[in-house]
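*Asks:* coords below, sequence missing:
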């Protein structure tokens, strides 16, 4: 099937479905005791997520090697498990206290707070069960570091919580974003590239692609929170402003934020120059991520 | 220095201190932003824990190779990070709701619930940063599986929560224990042995040692909860009974529980037969664990 024969939307839908099938095979079934925890893990994993991180991971591998290397689905699914755990814990009453996620009640609303905490822990842990099985400790280091407290996802969550008590500056905004969503998106691209055997130069170019796409993604996410209704968004809209979160529109305004997203799109494309046709879907993904806000 | 020259108590004190020093070097300093999360991680890591899992890990390595292989402290510290994360999350209001741990206020009492959740997440994540750095994915698989939902620590926590609503049978008790504390204690011994290059036979014998010692440890822990005051225990005593937790004394009675611990001690010693003098400290550890209740 040629690249042009399938639109990027259809392509991602197919790839997301395959990611979902792989996740289904990697997570213990609901009938496996203790049933409740596996139900809770699956409830959040199969809640209509867009599988952005797995798709970036798989397409980065394709950019390097021209195809899908053995085990790439496991790498992709480990990323989705980490992302999903972070959403479950983020939504908890003690953190963002969100009742709605992707149009459905959040984990603690359905399973109670104790089980939601454990389901998050379990998904975080299971990501490393899956990665450990692949036998490449570099992937473990990448994922754990991107999820951690030094410039990683947890650092971002802490900055985010503490940022609510600080003046909203462009510098603070960038620091929060780089850690909270940027690190894992960058790691998604890097892990796909590493698993496909990228050399230093390829890994460097794709890391920068991941940073630009990650920043574009966050800007657009912030814009959507301002511009869309809860129904369109599938989660409580305007929540960022209500919680006085530091966002791109709050700091830079809506129009400047849109221009920033455009700049990141252009920069992302430029990083892919050396990869030729194998990076076709990565080009389309950068566009798709920015165009979500239109 | 000969084995006999230092008593097991002194020996463990020295080894625990070295584990503490290694932990200090492996966890970001309190001055590293975001400071709060690193303070919270360190508060619980340096709260006077007995370092049982690190000590078992290091001594299992010694039983196999006669010394401490390079990197064994990292393996040992990763185990302590997982154990500490589990305590922080276990103590949360939504779970055991405990205000006191090792004689000090629990993490959420000091740092608030949000930061305690994130500190637990951070320690869990950091264990894999550390293990990833060692380059051996087998250790990652061991630790993640022992911490997970299929017979691992999280399975035990779920059984524990749900067990409060079920009749207390010997079978349920064993299932909870094997998962909740047994899996990580067994993994401590296994990971030390694997890191020291154990062959199949050695790994099998030490795994069984870990199971017996783990069971003895839990029985004694349950006995201490019944027999000691909160002051002696450093945490709220009698909490198990108050929360209708399934414990060995509750199911089997105090005297039978003591006899069971003795049986496990004897079985643990028997597993070490093939290791000669290198397993001297593992023999002493088995005794020490059982004798805590006297």
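*Replies:* Structure received. These numbers come from a predicted model, not from an experiment.
*Asks:* burial check on the residue lying closest to residue A:134 once chain neighbours are set aside, number of neighbours?
*Replies:* Distance criterion C-beta to C-beta, 6 or more residues apart in numbering or on different chains; nearest residue to residue A:134, sequence neighbours excluded, is residue A:71 at 5.2 Å. From N, CA and C alone the C-beta is placed, and that goes for glycine too. Using other C-beta atoms under 10 Å in any protein chain shown, residue A:71 has 17 neighbouring residues.
*Asks:* dihedrals phi and psi, residue A:71?
*Replies:* The phi/psi pair for residue A:71 (degrees, to the nearest 10) reads phi 90, psi 0.
*Asks:* again with residue A:105
*Replies:* Backbone torsions for residue A:105, taken as degrees, to the nearest 10, come to phi -60, psi 140.
*Asks:* distance between the helix or strand harbouring residue A:172 and the chain's centre?
*Replies:* Assigned by DSSP states H and E, residue A:172 belongs to helix A:170-177. Centroid separation for helix A:170-177 versus its chain: 18 Å, with C-alpha atoms, centre = their mean, to the nearest Å.
*Asks:* is any part of that helix close to chain B?
*Replies:* No: contact of helix A:170-177 with chain B (C-beta under 8 Å from any C-beta of the partner chain) is absent, the minimum separation being 8.6 Å.
*Asks:* which residues does that helix contact?
*Replies:* A:156, A:159-160, A:163, A:166, A:214-215, A:218, A:246-248, A:251-252 (C-beta atoms under 8 Å, 6 or more residues apart in numbering or on different chains).
*Asks:* tell me which of the residues you listed fall in helices.
*Replies:* A:156, A:159, A:160, A:163, A:214, A:215, A:218, A:248, A:251, A:252 (DSSP state H).
*Asks:* ok, now which ones touch the closest residue in space to residue A:141 that isn't next to it in sequence?
*Replies:* Closest residue in space to residue A:141, ignoring its immediate chain neighbours: residue B:132 at 3.4 Å, by C-beta to C-beta, 6+ apart. By C-beta under 8 Å, 6+ apart, the residues touching residue B:132 are A:137, A:138, A:139, A:140, A:141, A:142, A:144, A:145, B:140.
*Asks:* for the fifth one, give me phi and psi.
*Replies:* In this entry, residue A:141 is assigned phi and psi values of phi -60, psi -50 (degrees, to the nearest 10).
*Asks:* what is the burial count for it?
*Replies:* Count around residue A:141 with other C-beta under 10 Å applied: 21.
*Asks:* isn't it up against residue B:130?
*Replies:* No: with contact defined as C-beta atoms under 8 Å, residue A:141 does not count as touching residue B:130 (9.4 Å).
*Asks:* ok, how many other residues are close to the closest residue to chain B within the stretch 151-294 of chain A?
*Replies:* Chain B sits closest to residue A:158 of the stretch 151-294 of chain A, with a gap of 4.0 Å, by C-beta to the nearest C-beta. Look at residue A:158: counted by other C-beta under 10 Å, it has 26 neighbours.
*Asks:* and the closest residue to it other than its chain neighbours, what is it in contact with?
*Replies:* Nearest non-adjacent residue to residue A:158, counting by C-beta to C-beta, 6+ apart: residue B:34, 4.0 Å away. Residue B:34 makes contacts with A:149, A:155, A:158, A:159, A:162, as judged by C-beta under 8 Å, 6+ apart.
*Asks:* I figured the last one was touching residue B:37, is that so?
*Replies:* No: the pair formed by residue A:162 and residue B:37 falls short of the contact definition of C-beta under 8 Å, at 9.6 Å.
*Asks:* point out where chain A drops to low pLDDT.
*Replies:* Counting by pLDDT under 70, the low-confidence segments of chain A come to A:1-4, A:229-238, A:241-242, A:293-294.
*Asks:* how about the strands in it?
*Replies:* Ranges of strands in chain A, per DSSP state E, are A:100-101, A:104-105.
*Asks:* any idea which of these is most buried?
*Replies:* strand A:100-101 (a mean of 20; mean count of other C-beta atoms under 10 Å in any protein chain shown).
*Asks:* chain center to it, what's the gap?
*Replies:* Going by C-alpha atoms, centre = their mean, where strand A:100-101 is centred and where its chain is centred differ by 17 Å.
*Asks:* is it true that residue A:105 touches residue A:99?
*Replies:* Yes: contact criterion C-beta under 8 Å: residue A:105 and residue A:99 qualify, at 6.3 Å.
*Asks:* how close does residue A:204 sit to residue A:286?
*Replies:* Distance of residue A:204 to residue A:286, computed by C-beta to C-beta, to the nearest Å: 17 Å.
*Asks:* the two: who's more crowded?
*Replies:* With other C-beta under 10 Å as the criterion, residue A:204 and residue A:286 differ in neighbour count, and residue A:286 comes out ahead with 25 against 14.
*Asks:* list the contacts of the more buried one.
*Replies:* A:209, A:212, A:213, A:216, A:265, A:268, A:269.
*Asks:* redo these as a markdown table? Include neighbour count.
*Replies:* Below are the contacts of residue A:286 laid out as a markdown table (neighbours: other C-beta atoms under 10 Å in any protein chain shown):
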| residue | neighbour count |
| --- | --- |
| A:209 | 29 |
| A:212 | 23 |
| A:213 | 29 |
| A:216 | 26 |
| A:265 | 21 |
| A:268 | 25 |
| A:269 | 17 |
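*Asks:* what about chain B: which of these touch it?
*Replies:* Of these, not one also sits near chain B (C-beta under 8 Å from any C-beta).
*Asks:* now, which of the residues you listed lie within helices?
*Replies:* A:209, A:212, A:213, A:216, A:265, A:268, A:269.
*Asks:* quick one: contacts of stretch A:142-149?
*Replies:* Contacts of stretch A:142-149 (C-beta under 8 Å, 6+ apart): A:78-79, A:82, A:86, A:124, A:127-128, A:131, A:152-155, A:158, A:183-184, A:186-187, A:190-191, A:194, B:28, B:34, B:37-38, B:41, B:122, B:125-126, B:128-129, B:132.
*Asks:* give me the distance from it to the chain's centre.
*Replies:* So, by C-alpha atoms, centre = their mean, the centroid of stretch A:142-149 is 13 Å from its chain's centroid.
*Asks:* same deal with stretch A:95-106?
*Replies:* 17 Å.
*Asks:* what of stretch A:57-69?
*Replies:* Distance, stretch centre to chain centre, for stretch A:57-69: 18 Å (C-alpha atoms, centre = their mean).
*Asks:* what are the buried residues along that stretch?
*Replies:* A:57, A:58, A:59, A:60, A:61, A:62, A:63, A:64, A:65, A:68, A:69 (16 or more other C-beta atoms under 10 Å in any protein chain shown).
*Asks:* show me what it is in contact with.
*Replies:* Contacts with stretch A:57-69, where a contact means C-beta under 8 Å, 6+ apart, come from A:15, A:19, A:72-73, A:75-76, A:79, A:188-193, A:195-198, A:202, A:206, A:209-210, A:272, A:275, A:278-279, A:281-282, A:285.
*Asks:* sorry, back to before: between the contacts of residue B:132, which sits nearest residue A:114?
*Replies:* residue A:144 (25.2 Å; C-beta to C-beta).
*Asks:* would you turn the strands of chain A into CSV with distance to chain B?
*Replies:* Below are the strands of chain A laid out as CSV (distance: least, C-beta to the nearest C-beta, whole Å):
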stretch, distance to chain B
strand A:100-101, 17
strand A:104-105, 17
